[in-house]
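Trainee: Pasting a predicted model and its sequence here:
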Amino acid sequence: MYSVLSRYQDINNPEYFKCCCCVHVKKGALVIAIISIGLAAFFHLFIPKENFILSLINLITIVVIVAGSWVIYADREEKAWAYIPYLIVQTFVIICYLVLIFTLLVWGITEPLWVKNMLTPKVRFTCDRNQQVFEGRDCNQQEVLHRDRTQQEVLANGQIRADCFIAMAIFIIVEAVAIWFWSIVFRAYRYTREVLRGPSLGENCQ
């Protein structure tokens, strides 16, 4: 497998157009497109549209599906320019992951109060109505437990920091995979443009 970290990307090197398990990058790009479309369709169907952020994620999934479809078209018709939408979208996704990783790092170090308040669930105890169990005993049997609290701290000290660092580690792995996917599609673009002489932007696309 050709190293994407190589300083000089030599298209005359046969390894340049190979990816995992010696698979050609053109076929690899096709597999990546199918995987991207499948994941995007899954998230689009099952992510609720309850607020602006979730609605934005659903919009991004539609864009990914369209960009992945262009990669399939580029593979079948040998049109180099059809790889470009996916490369642009993937670049945007990589930047978003990078911002998210940096944000999680800052949150993990500083533990902002508003993040604690956001992640702390609102808990309301009533001893008169629901007979909730507290510390293993019926709430009605508690003589001292006549409390009506609107918020209870359920996150142990440092748990938010640990969660942020765990999430950051996961997104670092996702970021590495996203960059790897981008490199495979980019090399498929170069193969189609420079080896197969498929048209790119600014050239005759017919």
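Mentor: Ah, there it is.
Trainee: Strands of the protein, residue ranges please.
Mentor: Secondary structure of the chain (DSSP state E): strands located at 133-134, 137-138.
Trainee: pLDDT (mean, whole number) over the first one?
Mentor: Meaning strand 133-134. The average of the pLDDT scores along strand 133-134 is 46.
Trainee: The longest helix along the chain: which residues count as buried?
Mentor: Longest helix in the chain by number of residues (criterion: DSSP state H): helix 159-190. For helix 159-190, the neighbour count (16 or more other CB atoms under 10 Å) marks 160, 163-164, 168, 171, 175, 178, 180-190 as buried. (Each C-beta comes from the backbone N, C-alpha and C, glycine too.)
Trainee: try stretch 82-94
Mentor: Buried positions in stretch 82-94, judged by neighbour count with 16+ other CB under 10 Å: A82, Y83, I84, P85, Y86, L87, V89, Q90, V93, I94.
Trainee: now do stretch 70-78
Mentor: Per 16+ other CB under 10 Å, stretch 70-78 contains these buried residues: W70, V71, I72, A74, D75, E78.
Trainee: Chain neighbours aside, what residue packs nearest to the fifth one?
Mentor: This points to D75. Distances taken as CB to CB, 6 or more residues apart in numbering put L30 closest to D75, at 4.6 Å, once the chain neighbours are dropped.
Trainee: do the same with I57
Mentor: Closest to I57 by CB to CB, 6+ apart is I47, at 5.9 Å.
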